[in-house]
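Trainee: Here you go, sequence then predicted model.
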Amino acid sequence: MKFLIVGSGFTGAVIARKLAESNHRVFVIDQRNHIAGNCFTQRDKETNIMEHVYGPHIFHTDDEEVWNYVNQHGEFKPFVNRVKSVVKGEVFSLPVNLHTINQFYDKSFSPKEAKEFIESIGDASIENPQNFEEQALKFIGVDLYEAFFKGYTVKQWGLDPKQLPASILKRLPVRFNYDDNYFSHKYQGIPEHGYTEIIHSILNHENIQVELNCAFNESMKSQFDHIVWSGKLDEWFNYSEGKLSYRTLKFEKYYDYGDFQGNAVINYGDEDIPYTRITEHKHFMPWEEHKRTIYFKEYSSECRDADIPYYPVRLANDKTILNKYLSKANNEENVTFAGRLGTYSYMDMDVTIREAINIAEKLVSRFI
Ligand code: UDP
């Protein structure tokens, strides 16, 4: 069988590989001039620092099969993301943990005391949090919410947190100990030579042909037995049911000497600071030494037509539109929709790979 895969990020690459290993012929196209989608990394020409061109990506997962999969395609070095947040000029530890609570309230609570205290300031009248704000008010109370989450979330999503689902906040834990590991997953790391190399290795198979700078066009439909689409779901249908909303990111790049901020990621909780965070990329690879440094101020905004989509917004209106596209997608015999954009879902890299493996296995058994 002859497959066309549109998009060469993790989704496209993982599916392509599985199909290729089952003796299918696979063509992967990408409209950009590089593989790896938004995971693309390359060395900055002036400093030789590995740059996460579309924002920082830290690999974290509990899924052993996914962890083994990526490790087969490149070496990962241990990396623990210890994020700081600046609020009104003071630096705190994230995710909210015992240090954050003690510093914020100028206390020296034990874990038990902190837990009781936070429970006492949480809004007990909220039984079933219906949105991001209610989730926060119930579990951490108004002060911590306003300091660390409200402003950041308004900047990140361009919305009142009352309009956002509680699930977004559930991505972040609250801890009553001094563990400041941003993620709670068993396996965490950064590829020693960047993500592009990993995806290059996944795509490196005799049955896979990759074409860059190549946008999909309708005439391709008749040339392949099946298409895997990892582009925007609404784009496939020419926006016939309306546009799904996404957020895009813009990065302002700066060069300096030495160490600019002493950490890979520093978030800015205040709403009047226009960027959400500053990331200093050499700190993602502490095993390398660099005299110079590069850092990026990250700005989030509504994704317009010419912008690169990053986050699906998934408001009520989007969900109505999404359902229409999903039923249309069900009727597309020869197309499989996959990935963050193809399914309009907020997935981390590990979940993306897990879904791609599952989709590929289904395709392999369908097209024996
Ligand atoms: N968030 C916040 N303050 C922070 C970090 C995160 O309010 O300092 C909120 C924000 O709404 C964000 C969500 O928590 O979209 C999830 O954060 P995460 O770091 O998982 O986002 P990602 O890395 O996917 O951008």
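Mentor: Yes, it's here.

Trainee: How about the stretch 251-368 of the chain: which residue is closest to the ligand?
Mentor: Across the stretch 251-368 of the chain, the shortest distance to the ligand (CB to the nearest ligand atom) belongs to N267, at 3.7 Å. All C-beta spots, glycine's among them, are computed from the backbone N, C-alpha and C.

Trainee: Tell me the spacing between H200 and the ligand.
Mentor: To the ligand, H200 is 24 Å away according to CB to the nearest ligand atom, to the nearest Å.

Trainee: Please read the previous query as pertaining to D225.
Mentor: As judged by CB to the nearest ligand atom, D225 and the ligand stand 36 Å apart.

Trainee: got the contact list for that residue?
Mentor: Neighbouring residues of D225 by CB atoms under 8 Å, 6 or more residues apart in numbering: M1, K2, F3, N334, F367.

Trainee: burial measure for the last one, as a count.
Mentor: Look at F367: counted by other CB atoms under 10 Å, it has 13 neighbours.

Trainee: Now a PyMOL select for only the buried ones of the contacts of D225.
Mentor: Burial among these is assessed by 16 or more other CB atoms under 10 Å; the matching PyMOL selection reads:
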select buried, resi 3
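
Trainee: Which ones among the contacts of D225 map onto strands?
Mentor: Assigned to strands by DSSP state E, the following of the contacts of D225 qualify: K2, F3.

Trainee: Report pLDDT for the closest residue to the ligand within the stretch 1-150 of the chain.
Mentor: Residue of the stretch 1-150 of the chain nearest the ligand, by CB to the nearest ligand atom: F149 (3.6 Å). Note on F149: pLDDT of 97.

Trainee: Sticking with the closest residue to it other than its chain neighbours, tell me its helix or strand.
Mentor: Leaving out its chain neighbours, the residue that sits closest to F149 by CB to CB, 6 or more residues apart in numbering is A136, at 5.4 Å. Using DSSP states H and E, A136 maps to helix 132-144.

Trainee: For that helix, give me every contacting residue.
Mentor: With CB under 8 Å, 6+ apart as the test, helix 132-144 has contacts from 96, 100-101, 104, 118, 121-124, 126, 129, 145, 149-150, 153, 160-166, 168-170, 174.

Trainee: which of the residues in it are buried?
Mentor: By 16+ other CB under 10 Å, the buried positions in helix 132-144 come out as F132, E133, E134, Q135, A136, L137, K138, F139, I140, G141, L144.

Trainee: Show me what from the chain comes close to the ligand.
Mentor: Counting by CB under 6 Å from any ligand atom, the chain comes close to the ligand at 85, 94, 148-149, 152-153, 156, 168-169, 171-172, 267, 269.

Trainee: is it possible to export the residues you listed to JSON lines including distance to E280, neighbour count and secondary structure?
Mentor: What follows is these, written out as JSON lines (distance: CB to CB, whole Å; neighbours: other CB atoms under 10 Å; DSSP: H, G, I helix; E, B strand; the rest coil):
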{"residue": "S85", "distance to E280": "15", "neighbour count": "23", "secondary structure": "strand"}
{"residue": "L94", "distance to E280": "16", "neighbour count": "20", "secondary structure": "coil"}
{"residue": "F148", "distance to E280": "20", "neighbour count": "23", "secondary structure": "helix"}
{"residue": "F149", "distance to E280": "23", "neighbour count": "23", "secondary structure": "helix"}
{"residue": "Y152", "distance to E280": "18", "neighbour count": "22", "secondary structure": "helix"}
{"residue": "T153", "distance to E280": "23", "neighbour count": "23", "secondary structure": "helix"}
{"residue": "Q156", "distance to E280": "19", "neighbour count": "21", "secondary structure": "helix"}
{"residue": "I168", "distance to E280": "25", "neighbour count": "19", "secondary structure": "helix"}
{"residue": "L169", "distance to E280": "26", "neighbour count": "22", "secondary structure": "helix"}
{"residue": "R171", "distance to E280": "23", "neighbour count": "10", "secondary structure": "coil"}
{"residue": "L172", "distance to E280": "21", "neighbour count": "17", "secondary structure": "coil"}
{"residue": "N267", "distance to E280": "13", "neighbour count": "21", "secondary structure": "strand"}
{"residue": "G269", "distance to E280": "18", "neighbour count": "23", "secondary structure": "coil"}
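
Trainee: Relative to A329, which of those is nearest.
Mentor: I168 (24.4 Å; CB to CB).

Trainee: now the contacts of helix 132-144: which count as buried?
Mentor: By 16+ other CB under 10 Å, the contacts of helix 132-144 give 96, 100-101, 104, 118, 122-123, 129, 145, 149-150, 153, 161, 164-166, 168-169, 174 as buried.

Trainee: nearest spatial neighbour of M347, skipping sequence neighbours?
Mentor: R340 (5.3 Å).

Trainee: quick one: that neighbour and M349 touch, right?
Mentor: No - the criterion here is CB atoms under 8 Å, and R340 misses it with M349 at 9.6 Å.

Trainee: Give me the more crowded residue out of those two.
Mentor: Legend: neighbour count by other CB under 10 Å for R340 and M349, higher for R340 (27 against 21).

Trainee: Give me the phi and psi for that one.
Mentor: phi -60, psi -50 (degrees, to the nearest 10).

Trainee: residue contacts, it?
Mentor: So R340 contacts T11, P312, Y346, M347, T352 (CB under 8 Å, 6+ apart).

Trainee: which SS class is the last one?
Mentor: At T352, secondary structure determined by DSSP: H, G, I helix; E, B strand; the rest coil is helix.
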